[in-house]
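>>> okay, predicted coordinates and the sequence, questions at the end:
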Amino acid sequence: MDQENSMDAAKSLILQAALPHAAFDGWSETTLLAAQADSGLAPALTRALFPRGGIDLAVAYHQQGDRAMAEALAATDLTALRYTDRVALAVKLRLTGADKELVRRGTTLFSLPHHAPEGAKLIWSTADAIWTALGDTSTDINWYSKRATLAAVYSATVLFWLGDQSDDNADTWAFLDRRLGNVMQFEKAKAALANNPVAKALFAGPGKLLSRITAPAARHDLPGRTKL
């Protein structure tokens, strides 16, 4: 465990050293080499921690933002908030804790065809991090639908936020509220449809198939995870 902690500390050190460089040189090999020089860590260790260079730095920055958001949510009293407002707060915390220029650089990188799958995976992981932080306990198809819907809302909000020049990003938060409002309207329509006798009969067969879908089992045998 001490070795794992020391590796995490080294990775964090390099990432923090990379941030001022990434704003100018993007998430690139140039940024990684500059961060290695500034951190004073051995080149071999830097390459072992970030074998793919700049894209691994971008991934690490994104994951750092997810962890910071989860920690901020855990320290916030959410009892007085409606569930939609909790989701909105989580997205706001995630974005306000990020640097726009660094996110813009990452968005450019992950828009490239060969990096697009990784970018999509990171957006999904952010949606999963938000639902997990909010205590989501769904184990059926709702596990997937919640994350897919939030991933779409989050990615659209990020793109709006990157171009937002309003005070305190007020236009972005209004955009986010509208998107979440659209989701709630869809959920209400879906609930009404589920209670309609004709719709029940029509979708009885597909419903049985969908009911067999379950959330993925937790993998506790992966590196860095503790077996229960």
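Structure received.
>>> please count neighbours and contacts with C-alpha atoms only from this point.
Fine.
>>> tally of neighbours for Thr31?
Neighbours of Thr31 under the rule other C-alpha atoms under 10 Å: 24.
>>> i'd like the first residue to be 24 from this point on
Let's use 24 as the start, then, which means that last one is Thr54.
>>> tell me if I'm right that it and Ala45 touch.
Yes - assessed by C-alpha atoms under 8 Å, Thr54 is found in contact with Ala45 at 5.8 Å.
>>> and the helix or strand hosting Arg90, what's buried?
Here Arg90, judged by DSSP states H and E, is contained in helix 77-97. For helix 77-97, a neighbour-count test (16 or more other C-alpha atoms under 10 Å) marks 77-86, 88-90, 92-93, 96 as buried.
>>> ok, which stretches of the chain are helices?
25-48, 52-62, 66-72, 77-97, 106-119, 123-133, 139-156, 164-185, 193-217, 220-225, 227-233 (DSSP state H).
>>> and Pro239, which of these is closest to it?
helix 164-185 (8.9 Å; C-alpha to C-alpha).
>>> list the helices and strands the closest one packs on?
Helices and strands touching helix 164-185, by 3 or more C-alpha pairs under 8 Å, 6 or more residues apart in numbering; DSSP states H and E, are helix 139-156, helix 193-217.
>>> hmm, back to that, mean pLDDT lowest where, among the helices of the chain?
In terms of mean pLDDT, the lowest-scoring of the helices of the chain is helix 227-233 (a mean of 49).
>>> circling back to that earlier point, in the buried residues of helix 77-97, find the pair that's most separated.
Distances among these were taken as C-alpha to C-alpha; the most separated pair is Gly77 and Leu96, at 29.1 Å.
>>> geometric centre of the chain: which residue is closest?
Thr149 (1.5 Å; C-alpha atoms, centre = their mean).
>>> list the contacts for it?
Taking C-alpha atoms under 8 Å, 6 or more residues apart in numbering, we find Thr149 in contact with Asp89, Ala174.
>>> gap between it and Leu203?
16 Å (C-alpha to C-alpha, to the nearest Å).
>>> most tightly packed of the helices and strands packed on helix 164-185?
Highest mean neighbour count of the helices and strands packed on helix 164-185: helix 139-156, a mean of 19 (counted as mean count of other C-alpha atoms under 10 Å).
>>> what's the angle from it to helix 164-185?
110 degrees (axes from the mean of the first three to the mean of the last three C-alpha atoms, to 10 degrees).
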